[in-house]
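Student: I need the structure of the sequence given here:
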Amino acid sequence: MDFLASPAFWIALGQIIIIDILLGGDNAVVIALACRKLPPAQRTKGIIWGTAGAIILRVILIAFAMTLLALPFLKFVGALLLVWIGIKLLAPDEEGHGDVQGSDKLLAAIKTIIVADLVMSVDNVIAIAGAAQNAGEHQLLLVVLGLLISIPIIVWGSQLVIKLMERFPMIITLGGMLLGWIAGGMLVTDPAFVNPAIVDWMPKWGGVDEKGIAVISDALYWGSHIVGALLVLAAGKAVLARRAAATPAQG
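Tutor: Numbering: from 1, shown residues only. I've put the predicted structure just below:
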């Protein structure tokens, strides 16, 4: 227990908590979007279990952060998955809801939270892993403690976002676009597109620094975020319009 007296341990823990809170804004939006249609009694369960599952997977992901972030096409696939989730949130499938049991919808919300958080974490866990490394030993303990302290903040934040969405539906659209925004940034920084030492047959639009972090032009970086957000918005609107056109007019 000597590490508890180490200033480096507490400094690293503080850094991890701050990182979790800053990144928790995205998580709160995803959790709120996924749980917004659940009955109030199930909504709390969805938030708690979805967050718990996401936290467990994030700890596992952080443990292998450096290796995972170096895998080519992982961010590319993750970006496509985030776009798909964003479109589904903007244009949820309403068919058959009358025949679906509440537990099924609860499990679907939990699955959405876990998958979205897992994908979004790929681009962010390196910051947490880096903060933990500064403390030397007990790195995984630091990560777990930081996440546990941050959970109440993320859960409370998602509850607040749900209440705001009920009053301002536009937040749902902005939340879906947020996922597209993140996806765009993930895609263009995939090692397959920036690391000359990986998948040499792929065209490269950037490079990597000494830490292996992608280096691309500002225009490409921010442009990809904007394109991702607009893609989710356009696709979501198109799906809704197609459904509306296919629905017989009520007389």
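
Student: for the helix or strand that Trp156 is a member of, what is the average pLDDT?
Tutor: Using DSSP states H and E, Trp156 falls within helix 139-167. Helix 139-167 carries an average pLDDT of 71.

Student: one more: stretch 113-123?
Tutor: Computed over stretch 113-123, the mean pLDDT rounds to 71.

Student: so where's the stretch 151-251 of the chain uncertain?
Tutor: Within the stretch 151-251 of the chain, the segments meeting pLDDT under 70 span 151, 154-155, 211-212, 248-251.

Student: next SSE after the helix holding Trp156?
Tutor: Downstream of helix 139-167, the first helix or strand assigned by DSSP H and E is helix 170-188.

Student: may I see the buried residues of that next one?
Tutor: Of all the residues in helix 170-188, those buried under the rule 16 or more other Cβ atoms under 10 Å are 171-172, 175-188. From N, CA and C alone the C-beta is placed, and that goes for glycine too.

Student: pretty sure Leu57 is in contact with Val115, am I right?
Tutor: No: here Leu57 lies out of contact with Val115, judged by Cβ atoms under 8 Å, at a distance of 9.2 Å.

Student: between these two, which one's more packed in?
Tutor: Between Leu57 and Val115, counting by other Cβ atoms under 10 Å, Val115 is the more crowded of the two (21 against 15).

Student: list the contacts for that one?
Tutor: Val115 makes contact with 81, 85, according to Cβ atoms under 8 Å, 6 or more residues apart in numbering.

Student: what helix or strand does it sit in?
Tutor: Using DSSP H and E, Val115 falls in helix 102-121.
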